[in-house]
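Chemist: predicted model and sequence below, questions to follow.
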Amino acid sequence: MKSYRKELWFHVPTRRAFINITPQVEECLRESGVREGLVLVNAMHITASVFINDDEPGLHYDFEQWLEGLAPHEPVSRYRHNRTGEDNADAHLKRQIMGREVVVAVTNGRLDFGPWEQIFYGEFDGRRAKRVLVKIIGE
Ligand code: ZN
């Protein structure tokens, strides 16, 4: 069995963003040489997500509005976590809703997606360097 590991680094200049990381994951898959197996992609930080959905700007706007309605960034004083001196309680909550990781099947050397599926990095507390782990196992 082959095993491959890589960390992808992101430094988002804004507090929040959604980034399509499918090309980077496909590059990892090429490097791994795996033809049949599984790809795990997970955020390595508790204020960021990895999720699968549509690469459609209107939907990304809707996600942003929906998440801000569930867990508004401000007022930061509304969150007990922020009493630690941080201001990112909302980012922890947004990450929990959008998820930590995805697993994608690898079939015949390709990511075996359903229609319109793409992999996204969801940043909720950016403006610093953060990592995503890609782990690939298979034959
Ligand atoms: Zn925090």
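Modeler: Yep, it's here.
Chemist: contacts and neighbour counts: CA atoms only from here.
Modeler: Will do.
Chemist: at the geometric centre of this structure, which residue do we find?
Modeler: By CA atoms, centre = their mean, the chain has its centre lying nearest to residue 50, at 2.0 Å.
Chemist: contacts only, for that one.
Modeler: Applying CA atoms under 8 Å, 6 or more residues apart in numbering to residue 50 gives the contacts 41-43, 98-102, 119-122.
Chemist: quick check: which element contains it?
Modeler: Here residue 50 sits within strand 48-53, counting by DSSP states H and E.
Chemist: centre of the chain versus whichever helix or strand comes after that strand, how much separation?
Modeler: Next in sequence after strand 48-53, counting helices and strands by DSSP H and E, comes helix 57-70. Its chain's C-alpha centre and that of helix 57-70 lie 15 Å apart, by CA atoms, centre = their mean, to the nearest Å.
Chemist: same check, this time on stretch 32-44
Modeler: Worked out by CA atoms, centre = their mean, stretch 32-44 lies 14 Å from the chain centre.
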